[in-house]
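S.K.: Dropping a prediction and its sequence here:
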Amino acid sequence: MKNIFEAPFVREMCATTANMYRLGWDERNGGNISYLLDEKEVAEYLDLSKVIREIPTGFDAKALIGKIFIVTGTGKYFKNVEKDPETNLGIIRIKGDGTTAELLWGYKDGGKFTSELPAHLMSHMARLKVDPENRVVMHSHPTNTLAMNYVHELDEKKITHTLWEMCTECIVVFPDGVGVLPWMLCGTNSIGEATAKKMEEFRLVIWGMHGIYGAGKTMDETFGLIETVEKAAQIYMLTAHLPRINTIKDEEMVALAELFGVKYRKDFLNL
Ligand code: 2HA
Ligand code: ZN
């Protein structure tokens, strides 16, 4: 059996959480990540017949039965994952009933997965239907994205359009735009269902006055989506109170999208 602490998926979770903490996006226990793993790869590190304990999830994830995820722990700090992954992370498998998580590794102090597991697993189910290669769901509280929520209308078309205007790369990186949910009670099945519904259409979903969700095939892709929104939100926050003299025009965005061959939300432009 190989050393789990050296597994690429554990190293990636450590590196990403440390990075997000240092960017100031994930204060205290803010943020959570879930990463769908390849069973054969996990079997190189863990005996998959050994279940440490079972933890009820409180919702039905039948479409994910048998699937294995590495997930950040509830109440755990991104700041601490790198120095103690076995306490701050866990590897779970969805049991045959669809409503129980079998703990295969981690949550060493008796802990459990993030309180946002409904939003994560429901988003995985929604994204996998659209893109069978989707692996990562990431939630974070990026500073400028959050600041922008207080001064910009929380409207999908308007927020996407503003973000697209802020950096030339935006329409190319997230041509599908950004979904927006109003402020809702977090940690619940209802916010999970609402997020998953948006995830059928978007890889990025803003939780009004709370943070953002991203989904993608790899950790880099998912992180890069949130990072690009955050950069655009930063430019917005640096300029929103100043007279706007220049902007990227809608026709220019069309030219970019066409050059890069991306399918973009035409209805989010004002042509
Ligand atoms: O897990 O970010 O949304 C802490 C949070 C809750
Ligand atoms: Zn949060």
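M.R.: Received it, and whenever you're ready, just let me know what you need. Numbers count the residues shown, from 1 in each chain. Ligands and ions are numbered 1, 2, ... in the order given.

S.K.: from here on, contacts and neighbour counts on C-alpha atoms
M.R.: Noted.

S.K.: Now do the contacts for T160.
M.R.: By Cα atoms under 8 Å, 6 or more residues apart in numbering, the residues touching T160 are 177-178, 268.

S.K.: list the helices and strands the longest helix along the chain packs on?
M.R.: Of all the segments of type helix in the chain, defined by DSSP state H, the longest one is helix 219-239. Of the remaining helices and strands, those touching helix 219-239 by 3 or more Cα pairs under 8 Å, 6 or more residues apart in numbering; DSSP states H and E are strand 136-140, helix 143-151, helix 156-166, helix 170-173, strand 211-216.

S.K.: What residues sit buried inside the third one?
M.R.: For helix 156-166, a neighbour-count test (16 or more other Cα atoms under 10 Å) marks 156-157, 159-166 as buried.

S.K.: Make sure T195 is indeed in a helix.
M.R.: Yes - T195 sits within a helix when classified using DSSP: H, G, I helix; E, B strand; the rest coil.

S.K.: residues contacting it?
M.R.: Counting by Cα under 8 Å, 6+ apart, T195 makes contact with 119, 122-123, 181, 205.

S.K.: Output the strand or helix carrying E41 as CSV - backbone C-alpha positions only.
M.R.: Secondary structure from DSSP states H and E places E41 in helix 39-43. Extracted in CSV, the C-alpha atoms of helix 39-43 (Å, rounded to 0.1, in the frame of the first residue of the first chain):
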residue,chain,number,x,y,z
GLU,A,39,-11.6,4.3,-7.2
LYS,A,40,-8.6,2.5,-8.7
GLU,A,41,-6.2,5.3,-7.7
VAL,A,42,-7.6,5.4,-4.1
ALA,A,43,-7.2,1.6,-3.9
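
S.K.: can you give me the mean pLDDT across that helix?
M.R.: Predicted confidence along helix 39-43 averages 98 (mean pLDDT).

S.K.: Name the next helix or strand downstream of that helix, please.
M.R.: Moving on from helix 39-43 towards the C-terminus, the next helix or strand you reach (DSSP H and E) is strand 53-56.

S.K.: now the angle from the following helix or strand past that following strand to strand 136-140?
M.R.: With elements assigned by DSSP H and E, the helix or strand that comes after strand 53-56 is strand 68-72. With axes from the mean of the first three to the mean of the last three Cα atoms, to 10 degrees as the basis, strand 68-72 and strand 136-140 are set at 10 degrees to each other.

S.K.: list the helices and strands strand 68-72 packs on?
M.R.: Helices and strands in packing contact with strand 68-72 are listed as strand 32-37, strand 89-94; criterion 3+ Cα pairs under 8 Å, 6+ apart.

S.K.: how about the first one: buried residues?
M.R.: Which is strand 32-37. With burial defined by 16+ other Cα under 10 Å, the residues of strand 32-37 counted as buried are 32-37.

S.K.: re earlier: may I ask which two of the contacts of T195 are separated the most?
M.R.: Of all pairs drawn from the contacts of T195, the greatest distance, 15.3 Å, lies between M122 and L181 (Cα to Cα).

S.K.: Looking at the two, which is more packed in?
M.R.: Neighbours of M122 and L181, each counted by other Cα atoms under 10 Å, are more numerous for M122; the result is 25 against 19.

S.K.: T228: neighbour count?
M.R.: Neighbour count of T228, defined by other Cα under 10 Å: 17.

S.K.: meant to ask about A63, not that
M.R.: A count of neighbours around A63, defined by other Cα under 10 Å, yields 16.

S.K.: host element of the nearest residue to it once chain neighbours are set aside?
M.R.: In space, not counting the residues next to it along the chain, A63 is nearest to M125; the distance is 6.7 Å by Cα to Cα, 6 or more residues apart in numbering. With elements delineated by DSSP H and E, M125 resides in helix 117-130, which encompasses its position.

S.K.: Quick check: pLDDT value at the nearest residue to K263 once chain neighbours are set aside.
M.R.: The shortest distance from K263 to any residue other than its chain neighbours is 6.3 Å, reached at P175 (Cα to Cα, 6+ apart). Reading off the confidence values, P175 has pLDDT 98.

S.K.: can you check the one 10 residues further on too?
M.R.: L185 is assigned 98 on the pLDDT scale.

S.K.: For it, give me its contacts.
M.R.: I191.

S.K.: please begin residue numbering at 58 from this point
M.R.: Done: numbering now begins at 58, and the last item shifts to L242.
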